[in-house]
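J.: Fold the stuff below for me.
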Amino acid sequence: MPEKRIVLENCGVIDPSDINTYLSRDGFKALEKARKHMTPQQVINEVKRSGLRGRGGAGFPTGLKWELCTKSPEKERFVICNADEGEVGTFKDRYIIQNDPFGIIEGIALAGYAIGASKGYIYLRAEYHYLRDLLENAIEQAKTKGFLGEKNNESFGIEVREGAGAYVCGEETALMESIEGKRGEARYRPPFPPEHGLWQKPTSINNVETLANIPHIIFRGAEWFSQIGTQQSKGTKVFSVSGDVEKPGIYELPMGTPLRELVEELAQAKDLKAAQVGGASGRLIPEEKLDTPLAFETVLGAGAVIVFSKGRNIIQVVRRNIEFFAEESCGKCVPCREGTQVMSDILRRFSLGQGTKEDLTILEELSNAMMLASLCGLGQAAPNSVSDSLLYFRSEYDT
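T.: Numbering: from 1, shown residues only. Reported below is the predicted structural model:
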């Protein structure tokens, strides 16, 4: 199946340092349409009808998130673009920022108009510091053209804030703590960000890819967008493919495309053993299940796909994942803080050929406990690859 580019349609076509090249391809026409011909609620309704769900992994309906923000009596509201992208194997948002920063800015401005926000933030991961000048240049050009700043007696500005390298700050409440100048730790919920978010004000947080879809939806209409994808997963998804493939890179496909088409036909994987969909926190899919559709109702995650050939040791793969999570855990909750350490020790024993049947039982029980009791998505998703390896590659533990 060939790619279907929506989010990426301007990538490699426009000059990311020149707003005029974006304007020549209908850039900012969606924002003008919204401001001149649509009420904020009409914008929200259009996004709801499109079926767009968050592309950061959780898949929460975007229009509903925006609507929840407007239900609050608080007048001061914020929009945050999550450009932390700390998931292992994910580099799609970086590619979008590098090649189409204006599309992201237009998406943020549309979100701000819809929820009545006066300020937007782009939270940029520390490793993407070299992209800050590009983003700020794009923001300044948008101001010069009148798309940001004072507009029709309203004001909307965007500011770039950088993280300090913590994986947990990709989680939305930890991200807000970081912007506020605090230690990056997940908050207890409820309350949720649309009610009490940044500085306890209503806040909508969407990742780069989600917001990059918004101008296309508003300009072309919800019906156009909703015809792409599956019943529960509308539109396209951008994937970062890496690992044992001949053509690693960025691909955009309609939701529901079989995983096999992505890794074998496009990325040209050979002699494949497994693919992990969603990065280190994603699901481990064995070769015999590669026909699984890529969609929210099956398997998806944030968009990272890491491919492993038959020469790879699955225990070593899973061990590296857990060691990463043990290192990146903020330590606030016991299931994640202690669970990742215990898992790491057990997997080290198996990699040395010293694991026992009792260790396997502990891994299974601990995986279930962490998924149920961890405070945020880091601890809840950390055991995914462990559980899948025990289900599909049990023989590697037994040898």
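J.: residue ranges with poor pLDDT in the stretch 1-150 of the chain?
T.: Within the stretch 1-150 of the chain, the stretches with pLDDT under 70 are 1, 150.
J.: Do a quick rundown of the strands in it.
T.: 78-83, 119-124, 149-151 (DSSP state E, counting those that start in this stretch).
J.: for the ones you listed, which one sits closest to P193?
T.: strand 78-83 (8.5 Å; Cβ to Cβ). All C-beta spots, glycine's among them, are computed from the backbone N, C-alpha and C.
J.: Just checking: what are the partner strands of the closest one?
T.: Counting by DSSP bridges, the strands paired with strand 78-83 are strand 119-124 (parallel), strand 203-207 (parallel).
J.: Pick the most deeply packed of those.
T.: Of the strands paired with strand 78-83, the one with the most neighbours on average (mean count of other Cβ atoms under 10 Å) is strand 203-207, at a mean of 27.
J.: for the record, mean pLDDT for that one?
T.: The average of the pLDDT scores along strand 203-207 is 97.
J.: swap in stretch 313-332?
T.: 94.
J.: By neighbour count, which bits of that stretch are buried? Give me those.
T.: Neighbour counts using 16 or more other Cβ atoms under 10 Å place 314-315, 317-319, 321-326, 328-330, 332 of stretch 313-332 among the buried residues.
J.: can you list the strands paired with strand 78-83 in JSON lines and add distance to F28?
T.: Below are those laid out as JSON lines (distance: least, Cβ to Cβ, whole Å):
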{"stretch": "strand 119-124", "distance to F28": "15"}
{"stretch": "strand 203-207", "distance to F28": "19"}
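J.: nearest to F350, of those?
T.: Comparing the strands paired with strand 78-83 by Cβ to Cβ, strand 203-207 comes nearest, at 34.7 Å.
J.: on that earlier part again, so which of the strands paired with strand 78-83 is nearest K310?
T.: Of the strands paired with strand 78-83, nearest to K310 by Cβ to Cβ is strand 203-207, at 33.5 Å.
J.: Between the two ends of stretch 12-27, how far is it?
T.: 15 Å (Cα to Cα, to the nearest Å).
J.: Any chance you could list what contacts it?
T.: 10, 28, 98-103, 106, 134, 137-138, 141-142, 144-145, 215, 219 (Cβ atoms under 8 Å, 6 or more residues apart in numbering).
J.: Surely A186 touches C376?
T.: Yes. With contact defined as Cβ atoms under 8 Å, A186 counts as touching C376 (3.6 Å).
J.: Report the set of residues contacting both of those two.
T.: 168, 171, 173-174, 333.
J.: Same list (the strands of the stretch 1-150 of the chain) but as CSV, adding distance to F296.
T.: Formatted as CSV, the strands of the stretch 1-150 of the chain follow (distance: least, Cβ to Cβ, whole Å):
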stretch, distance to F296
strand 78-83, 18
strand 119-124, 24
strand 149-151, 35
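J.: Figure out which of those is closest to L68.
T.: Short answer: strand 78-83, nearest of the strands of the stretch 1-150 of the chain by Cβ to Cβ, at 13.3 Å.
J.: Could I get the buried residue list for that closest one?
T.: Within strand 78-83, the residues that qualify as buried are 78-83, counting by 16+ other Cβ under 10 Å.
J.: Now flag whichever of those is closest to L266.
T.: Using Cβ to Cβ, these come closest to L266 at A83, 25.2 Å.
J.: what secondary structure does the closest residue to R337 other than its chain neighbours sit in?
T.: Setting aside the residues directly before and after it, R337 is nearest to G331 in space (Cβ to Cβ, 6 or more residues apart in numbering), at 4.6 Å. Secondary structure for G331, judged by DSSP: H, G, I helix; E, B strand; the rest coil, is coil.
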